[in-house]
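A.B. asks: here's a sequence, model it:
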Amino acid sequence: MQNNPRGSRFDQPVMYTIKVQGRLDADWSVWFDGLTVTVANRDAGPAVTTLTGPVVDQTALHGLLARIRDLGLPLLLVQCLEAPILLSTARDQ
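C.D. replies: Numbering: from 1, shown residues only. Okay, here's the model as predicted:
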């Protein structure tokens, strides 16, 4: 049984950028599985923290998002920086 009909591979490491409203310092990198933590202020508005780096699979991504939720930080962006590998199947040809 195939769970992803287009053949996308979501069990491989992929680079992600995740942006949240609020300020987290670099020490949070350990809690977020080694992602790089950077902070920027938006035009005198609230700080935005960006987490960037490889995420091993979709399960790990959901775990990171749960941690963000548990901190009560508003989620602004989740962006996959690399396209998942697409596998060609005999049906597709």
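A.B. asks: show me the contacts for Ala40.
C.D. replies: Ala40 is in contact with 47-48, 50, counting by Cβ atoms under 8 Å, 6 or more residues apart in numbering. Placement of C-beta: from N, CA and C, glycine included.
A.B. asks: make it 10 Å
C.D. replies: Contacts for Ala40 (Cβ atoms under 10 Å, 6 or more residues apart in numbering) come out as 19, 23, 47-50.
A.B. asks: most neighbours among these, which one?
C.D. replies: The member of the contacts of Ala40 that has the most neighbours, counting by other Cβ atoms under 10 Å, is Thr49 with 21 neighbours.
A.B. asks: roughly how far does that residue sit from Arg69?
C.D. replies: Separation of Thr49 from Arg69 (Cβ to Cβ, to the nearest Å): 14 Å.
A.B. asks: pLDDT averaged over stretch 67-82 - what is it?
C.D. replies: Along stretch 67-82, the predicted confidence averages to a pLDDT of 95.
A.B. asks: buried sites along it?
C.D. replies: Neighbour-count burial for stretch 67-82 flags 68, 73, 78 (criterion: 16 or more other Cβ atoms under 10 Å).
A.B. asks: tabulate the residues you listed (a markdown table), appending secondary structure and distance to Val30.
C.D. replies: Formatted as a markdown table, the entries for these read as follows, by DSSP: H, G, I helix; E, B strand; the rest coil; distance: Cβ to Cβ, whole Å:
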| residue | secondary structure | distance to Val30 |
| --- | --- | --- |
| Ile68 | helix | 15 |
| Leu73 | coil | 17 |
| Val78 | strand | 21 |
